[in-house]
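Chemist: Generate a structure from the sequence data that follows.
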Amino acid sequence: MVALQIALRYLFSKKKHSGVNIISLVSACGIAVATMAMVVVLSVFNGFTELAMSRLGMLDPQIKIVPIQGKTIAEADSLAEAIAALPQIAAATPTLEERALAVIEERQMPVRLKGVDFAAYGNVSDIDATIIAGGGATDLPDGFSPAVFSVGAASQLKIYPGYDQRVDIYMPRRKGSLNPANPAASFRSAMLQPAAVFRVDQTEYDTDFMFIPLECARTLLDYTTESSAIEAAISPESTESEAIAAVRNAIGTDYDVKGRLRQQAASYKMIGVEKWITFMLLGFILVIASFNVISTLSMLILEKEDNIATLSSIGAPNGLIRRIFAIQGWLISIAGGLAGAAVGVALCLVQQWFGIVRLGGDHNAMSITVYPVKVEGSDLLVVATLVIIVGALTSMVATRIKSSR
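Modeler: Below is the predicted model of the structure:
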């Protein structure tokens, strides 16, 4: 307590040499700038993470049930009905996903095909909110099925909803053998007509994705009641953990029940890794900025030589004197960290409310035009802990180096 009181007095008292005050201010400003940068950068990563979650959530179901072994779920229709009957589940529908080749006139491209029940799929996803063209009811020619294309697939294939365009889908036969005399017989095909185009501003979906009716997908793959997954929506009265537990208890251990985060674990993990690697780099900058505390304490020790001699003459041990200057350096770090955190939070809130810093590019073709930010208390706690630890260690090292005085 005595060391803290003396250190506080040294921190706020007027110095004989103005250079000591200037060096102290420079040290605090360096720590403040590094702390502000960490708060801002972490908040920007939080903003992009939240944006990615909201965008992916438009097509990702709240719960997805997939087989642990194999690619398909047998009797998926009846299993989906059993899951939908649970009180924790609002709706459930089977889906079937596979790769295929889309051909229209002389243009072709490989696509990710997903068969869904259009009447029920809107209950487990926000696909209707992603439609940017088409979507209205149309009369289809005999033998044609409707298809919803991603903006990337529609652009590459030059597809325009509302026009009578024929898109052929080809998929290798799952059963049977290859006939060298007639290779075309080794493929199953279906005739589609573009009904709508969607965009979620995520490369994973916007590049080569398309939806077709579930029965059409099953016909292409020689399936009857099978599906590659069952997608479900959670009841408003239940939480995700409660719904997942209820589904697992109902269907047993042969299936993996995934929440929304687990469905995109790789994407979220990548964002998290980038976030904390950037935090580590900024942490090194904070350590370098904290080295200024050594210069500050060196000048302060020279400034207070008379006081040190007085304290020693009245019996103050060397450990107490070292603690005084260690706390002095630590207080400088704390002051700089608090100032930097306050400025960083203020900048993030201003950006969040007013969107001052904008993204580059054509804003007419972008879904967002400003950098998204989100301040989280856990990030502020991590930054504060790092500032305290770095400040304490730097001050201890500085006082040990100068203890001979």
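Chemist: State the distance from the spatially most central residue of the chain to residue 350.
Modeler: In the chain, the residue lying closest to the centroid (C-alpha atoms, centre = their mean) is residue 49, at 2.7 Å. Look at residue 49 and residue 350: by C-beta to C-beta, to the nearest Å, they are 20 Å apart. No exception for glycine: its C-beta is placed from N, CA and C like everyone else's.
Chemist: and what of residue 340?
Modeler: Relative to residue 350, residue 340 is positioned 16 Å away (C-beta to C-beta).
Chemist: Counting neighbours, go ahead and name the busier of the two.
Modeler: Set residue 340 next to residue 350 and count neighbours by other C-beta atoms under 10 Å: residue 340 wins out with 27 against 13.
Chemist: and residue 378, how many neighbours?
Modeler: Residue 378: 9 surrounding residues under other C-beta under 10 Å.
Chemist: Repeat that for residue 51.
Modeler: Neighbours of residue 51 (other C-beta under 10 Å): 16.
Chemist: Show me what the lengthiest strand in the chain is packed against.
Modeler: Criterion DSSP state E: the longest strand present in the chain is strand 89-104. With contacts taken as 3 or more C-beta pairs under 8 Å, 6 or more residues apart in numbering; DSSP states H and E, strand 89-104 sits against helix 76-84, strand 107-116, helix 118-121, helix 151-157, strand 167-172, helix 214-220, strand 229-234, helix 240-251.
Chemist: Just put the ones you listed in TSV and tack on mean neighbour count.
Modeler: Below are the helices and strands packed on strand 89-104 laid out as TSV (neighbours: other C-beta atoms under 10 Å):
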stretch	mean neighbour count
helix 76-84	19
strand 107-116	19
helix 118-121	16
helix 151-157	20
strand 167-172	19
helix 214-220	20
strand 229-234	25
helix 240-251	16
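Chemist: State the distance from residue 387 to residue 298.
Modeler: Taken as C-beta to C-beta, the span from residue 387 to residue 298 is 21 Å.
Chemist: which of these two has more neighbours?
Modeler: Taking other C-beta under 10 Å, residue 387 and residue 298 do not tie; residue 387 has more neighbours (26 against 17).
Chemist: Now do the contacts for the more buried one.
Modeler: If a contact means C-beta atoms under 8 Å, 6 or more residues apart in numbering, then residue 387 has 31, 35, 286, 333-334, 336-337 as its contacts.
Chemist: tell me the two of those that are most distant?
Modeler: Greatest spacing in these, by C-beta to C-beta: 286 and 334 (12.9 Å).
Chemist: quick one, which of the two is more surrounded?
Modeler: Taking neighbours as other C-beta under 10 Å, residue 286 and residue 334 compare with residue 286 leading, 25 against 18.
Chemist: so where does the more buried one fall, helix or strand?
Modeler: Residue 286 belongs to helix 265-290 when assigned by DSSP states H and E.
Chemist: Follow the chain on from that helix and name the next helix or strand.
Modeler: Next element after helix 265-290 (DSSP H and E): helix 292-303.
Chemist: helices or strands up against that following helix?
Modeler: Using 3+ C-beta pairs under 8 Å, 6+ apart, helix 292-303 sits against helix 18-56, helix 318-354, helix 377-401.
Chemist: Output those as a markdown table; include the columns distance to residue 85.
Modeler: Formatted as a markdown table, these follow (distance: least, C-beta to C-beta, whole Å):
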| stretch | distance to residue 85 |
| --- | --- |
| helix 18-56 | 28 |
| helix 318-354 | 42 |
| helix 377-401 | 39 |
